[in-house]
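K.L.:
Test case, fold it:
(one chain, ligands or ions: 2)
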Amino acid sequence: TQEGADFAAIPKLELHLHHEGAAPPAFIRGLASEKKVNIDKVFDERGHYAYDDFWHFLQVYEAATSVLKTPEDYARLTTAVLEESAASGVIYTETFLSPDFCGGRDVGAWREYLHAIREAADAAERDMGIVTRGIITCIRHFGPDKAKETALCAAETAGDWIVGFGIAGDEKAGKPRDFAYSFDMAREAELALTAHAGEWGGPQSVRDALEALRPARIGHGVRAIEDLELVDRLAEEGVVLEVCPGSNVTLGIYPDVARHPIEMLRERGVKVTVSTDDPPFFHTTMAKEYEALHHAFGWEEEVFAQINRTALDAAFCDQATKDTLA
Ligand code: ADE
Ligand code: ZN
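P.N.:
Ligands and ions are numbered 1, 2, ... in the order given. Here you go, the predicted structure:
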């Protein structure tokens, strides 16, 4: 890849994207003014999302999300998000959806949101060629009881489009075993599993998540690098990491991409993939992530192709869908 090469032109698979976290600020501002809701605190003077640290980020995220009220709002959000992803060269994306924000974990209401989201995603596939699948995600700091209701929504709507179940939110809140019941329910419903860990917690947090929840993939997981025995275990067991370098750097976990452990993890045999997490919050896109990795580690076409083969393998969609992407 040459200097100035168009990183958007590389076809990409993205496995870790929060649906509301991907909302363009202009879209949220527009919806807020339509609904006459004041969420000025969410933005800085340049109109970007504004927050001080991760925990404040979670609050701002929830405040921004509060303007998304109806299934129609979520349909419009879906179109706005997938336009950005497609412009960055994404051909397949798995998006985290939380019934906590869509219908309040009531299965009937959730079905209506899902229907609207899915219609918009199907239209994006026809119009822009981007394939989308959903992962229902409980929020760790909302607690295990709400997670169980979320898992029920997931079990009830599991199928060819809702393909996975996960957990996001404050990694310091509670323990993975508090959520084992919900993960077991999702596993029973044949959903594939992923869990955020090793972002704010260290190696033990990753071990706890693996033990209690038995996910095929870990969201982030990068702080496993602090324990090489764990790194080797991840490599041996083929656990896939959904790595989001720009997110980790913007939130201050690493000073810059050059000092991010993704390359060390990859060299030691861990299956790593690349995603954006919440792109406008972290001033990133998939094309920018690839460009930053190229500059930090000299990654060329072959490494990006390997990363995308890993992502295709680890994707939660069915084999027929994978065949169309290969
Ligand atoms: N929700 C949205 N983004 C998140 C992140 N990076 N970690 C945990 N929960 C999140
Ligand atoms: Zn995330």
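K.L.:
Tell me if I'm right that Arg214 and Ala186 touch.
P.N.:
No. Checked against Cβ atoms under 8 Å, the pair Arg214 and Ala186 is beyond contact range at 10.9 Å. All C-beta spots, glycine's among them, are computed from the backbone N, C-alpha and C.
K.L.:
Between these two, point out the one with more neighbours.
P.N.:
Neighbour comparison, Arg214 and Ala186: the larger count goes to Ala186, with 27 against 13 (by other Cβ atoms under 10 Å).
K.L.:
Can you tell me, leaving aside adjacent residues, what's nearest to the more buried one?
P.N.:
Phe165 (3.4 Å; Cβ to Cβ, 6 or more residues apart in numbering).
K.L.:
One more: Glu149?
P.N.:
Closest to Glu149 by Cβ to Cβ, 6+ apart is Arg105, at 4.1 Å.
K.L.:
and Glu83, what does it touch?
P.N.:
Neighbouring residues of Glu83 by Cβ atoms under 8 Å, 6 or more residues apart in numbering: 124, 128.
K.L.:
Which of the helices or strands spans it?
P.N.:
Take DSSP states H and E as the rule and Glu83 turns out to sit in helix 71-87.
K.L.:
Could you pull up the mean pLDDT of that helix?
P.N.:
Averaging pLDDT along helix 71-87 gives 98.
K.L.:
Off-centre distance for that helix?
P.N.:
Taking the mean of its C-alpha atoms, helix 71-87 sits 15 Å from the chain's own mean (Cα atoms, centre = their mean, to the nearest Å).
K.L.:
What separation do you get for Ser85 and His294?
P.N.:
Distance from Ser85 to His294, counting by Cβ to Cβ, to the nearest Å: 19 Å.
K.L.:
These two: which is more packed in?
P.N.:
The neighbour count for Ser85 versus His294, taken as other Cβ under 10 Å, is higher for Ser85 (25 against 20).
K.L.:
List the contacts of the more buried one.
P.N.:
Per Cβ under 8 Å, 6+ apart, neighbours of Ser85: 14, 17, 22, 93, 130, 286.
K.L.:
Any idea which residue of this protein lies closest to ligand 1?
P.N.:
Ala168 (3.7 Å; Cβ to the nearest ligand atom).
K.L.:
For that residue, the count of nearby residues, please.
P.N.:
Ala168: 23 neighbours (other Cβ under 10 Å).
K.L.:
Could you do Val239 as well?
P.N.:
So Val239, with other Cβ under 10 Å, has 20 neighbours.
K.L.:
go on, Asp127?
P.N.:
Neighbours around Asp127, by other Cβ under 10 Å: 12.
K.L.:
Check Pro255 too.
P.N.:
Neighbour number of Pro255 under other Cβ under 10 Å is 9.
K.L.:
for Asp184, same thing?
P.N.:
For Asp184, the count of nearby residues is 14 (other Cβ under 10 Å).
K.L.:
which SSE is it in?
P.N.:
Judged by DSSP H and E, Asp184 forms part of helix 180-188.
K.L.:
ok, which stretches of the stretch 201-326 of the chain are strands?
P.N.:
According to DSSP state E, counting those that start in this stretch, the stretch 201-326 of the chain carries its strands in the segments 217-220, 240-243, 271-274.
K.L.:
I misspoke; the intended subject was the stretch 51-200 of the chain.
P.N.:
For the stretch 51-200 of the chain, the strands defined by DSSP E, counting those that start in this stretch occupy 90-97, 131-139, 162-168, 192-197.
K.L.:
Turn these into JSON lines, columns for mean pLDDT and distance to Ser33.
P.N.:
JSON lines is the format used below for the strands of the stretch 51-200 of the chain (pLDDT from 0 to 100; distance: least, Cβ to Cβ, whole Å):
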{"stretch": "strand 90-97", "mean pLDDT": "98", "distance to Ser33": "25"}
{"stretch": "strand 131-139", "mean pLDDT": "99", "distance to Ser33": "27"}
{"stretch": "strand 162-168", "mean pLDDT": "98", "distance to Ser33": "28"}
{"stretch": "strand 192-197", "mean pLDDT": "99", "distance to Ser33": "32"}
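K.L.:
mind putting those strands in CSV, distance to Leu58 included?
P.N.:
Shown next, in CSV, are these (distance: least, Cβ to Cβ, whole Å):
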stretch, distance to Leu58
strand 90-97, 14
strand 131-139, 9
strand 162-168, 9
strand 192-197, 12
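K.L.:
rewinding a little: I'd like to know how far the residue nearest to Ala186 sits from Leu210.
P.N.:
16 Å.
K.L.:
And the furthest pair within the contacts of Ser85?
P.N.:
Across the contacts of Ser85, the longest distance by Cβ to Cβ is 12.6 Å; it joins Ala22 and Ile130.
K.L.:
How many residues are close by the closest residue to Ala192 other than its chain neighbours?
P.N.:
Once flanking residues are discounted, Ala192 sits nearest to Phe316: 4.0 Å by Cβ to Cβ, 6+ apart. For Phe316, the count of nearby residues is 21 (other Cβ under 10 Å).
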